[in-house]
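**Q** Make a model of this:
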Amino acid sequence: MGTQLAQYVPVLMLAGVAVVFTGAMLGLSVLLGKRGRRTQVKDTAYECGMIPVGEGTARLSVKFYLVAMLFILFDIAVVFLYPWAVVFRRLVAEPGMAGPVFFGMLGFLGIVLVGYLYAWRKRGLDWRG
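**A** The predicted structure follows:
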């Protein structure tokens, strides 16, 4: 038991060094930083030599971000189909693998379809409303 715990000593030492280094860098930045010498001109955004006009970013609805997250979710689900499609013919050629491979992917697609239908029914894909 003692030898198993001894294997974690280098990891704990590395974590300690990381914490000390991070604390030292933050402390030095506070000590050496010139907080009192900042001017309003120095803190303004720089846009190609022009004085910025208006806000930097426009506010978007929360529905927009919901649609973006749903798109990423379903896009990742589709990415899982590519490797399966590439090796499908080779997997089916092995005896006894056709059913598990095919029905496994059907189950995955069924779960993705249920999620898609749920998002559609809750109007999660419409960010204008």
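**Q** how about the helices in the chain?
**A** Here the chain has its helices, by DSSP state H, at 2-6, 9-32, 40-43, 62-79, 81-93, 98-121.
**Q** Please work out the average pLDDT along the last one.
**A** The predicted model assigns helix 98-121 a mean pLDDT of 89.
**Q** Other residues contacting that helix?
**A** Under the contact criterion CB atoms under 8 Å, 6 or more residues apart in numbering, helix 98-121 has outside partners 70, 73-74, 77, 80-81, 84, 88, 91-92, 124-125. Every residue, glycine included, has its C-beta placed from N, CA and C.
**Q** Off-centre distance for that helix?
**A** Centre-to-centre, helix 98-121 and its host chain are 23 Å apart (CA atoms, centre = their mean, to the nearest Å).
**Q** Which positions in that helix come out as buried?
**A** 101, 112, 116, 119 (16 or more other CB atoms under 10 Å).
**Q** Just give me how far the worst-scoring helix or strand of the chain on mean pLDDT sits from the chain centre.
**A** Across the helices and strands of the chain, the lowest-confidence element by mean pLDDT, DSSP states H and E is helix 40-43, at a mean of 74. Distance of helix 40-43 from the chain centroid (CA atoms, centre = their mean) equals 33 Å.
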